[in-house]
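Student: Mind looking at a prediction? Sequence and model below.
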Amino acid sequence: SQTIHQWPATLVQPVGSPLSLECTVEGTSNPNLYWYRQAAGRGLQLLFYSVGIGQISSEVPQNLSASRPQDRQFILSSKKLLLSDSGFYLCAWSLGNTEAFFGQGTRLTVV
Amino acid sequence: GQNIDQPTEMTATEGAIVQINCTYQTSGFNGLFWYQQHAGEAPTFLSYNVLDGLEEKGRFSSFLSRSKGYSYLLLKELQMKDSASYLCAVRDYPENTPLVFGKGTRLSVIA
């Protein structure tokens, strides 16, 4: 069966510090991978998605970037965090037109 | 672009039936999804509709009318554990397009 791992679960980072969140999927090949962010009391905002290694589509221009160095690995990064980057970050995967499955999420607080 | 609307909050009584509506406007349509999200947790998949009609899964059912751009999630025999946010999401064409989410409906089940 397929599983998705996302870490860390909680993160507190100072303004201006770098960020790296990692997500890996097991039990499937060539998944579509997504990064979403959910601000407090808000809906899920799509940040990046990838349909294959090295293929990244950005939905929202900001100081975040994403990379897919391996088929089942998706990384969200920032060189310098802003206060507005605080939120609940969710990695997800899907195959074709099927439903998306989410990782446990990372709650990021920028202080 | 896409626009997805659902009520912000609803309250219902334990044991009752509740219907959560979702309306959407998309340039193309490739499926509608419902997710449940408990506070502080990641969304979990509930149902998928791509053709008009009702899909039933135990206590949960989802209905779709593509011509009206309308869906609803029906929860029967409400339990306290059903208190959560319910997210409506739509997929556009082509295949592999990411899900776009509404802001969610927060359901409170009271005794």
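Tutor: Arrived safely, thanks for sending.
Student: what about residue 9, neighbour count?
Tutor: Let's take chain A. Other residues near residue A:9 come to 10 when the count uses other Cβ atoms under 10 Å in any protein chain shown. Every C-beta, even on glycine, is put in place using the N, C-alpha and C of the backbone.
Student: try again with chain B
Tutor: For residue B:9, the neighbour count with other Cβ under 10 Å is 10.
Student: Leaving out chain neighbours, which residue sits closest to it?
Tutor: In space, and not counting its chain neighbours, residue B:9 is closest to residue B:106: 4.8 Å by Cβ to Cβ, 6 or more residues apart in numbering or on different chains.
Student: list the contacts for the residue of chain A found nearest chain B?
Tutor: Per Cβ to the nearest Cβ, residue A:43 is where chain A lies closest to chain B, at 3.7 Å. Contacts for residue A:43 (Cβ atoms under 8 Å, 6 or more residues apart in numbering or on different chains) come out as B:87, B:101-104.
Student: Just send those back as a markdown table, with neighbour count, distance to residue A:28 and pLDDT too.
Tutor: Listed next are these as a markdown table, based on neighbours: other Cβ atoms under 10 Å in any protein chain shown; distance: Cβ to Cβ, whole Å; pLDDT from 0 to 100:
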| residue | neighbour count | distance to residue A:28 | pLDDT |
| --- | --- | --- | --- |
| B:87 | 27 | 23 | 97 |
| B:101 | 24 | 22 | 95 |
| B:102 | 21 | 27 | 95 |
| B:103 | 18 | 30 | 94 |
| B:104 | 27 | 27 | 96 |
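Student: any idea which of those residues is closest to residue A:48?
Tutor: residue B:101 (15.1 Å; Cβ to Cβ).
Student: Settle this for me: that closest one is touching residue B:86, isn't it.
Tutor: No - under the criterion of Cβ atoms under 8 Å, residue B:101 is not in contact with residue B:86, lying 11.0 Å apart.
Student: Return every residue with contacts to both of the two.
Tutor: Common contact partners of residue B:101 and residue B:86 (Cβ under 8 Å, 6+ apart): residue B:35.
Student: What's opposite the nearest residue to residue B:83 once chain neighbours are set aside in the beta bridge?
Tutor: The shortest distance from residue B:83 to any non-neighbouring residue, by Cβ to Cβ, 6+ apart, is to residue B:109 (4.7 Å). When bridges are called by DSSP bridges, residue B:109 pairs up with residue B:12.
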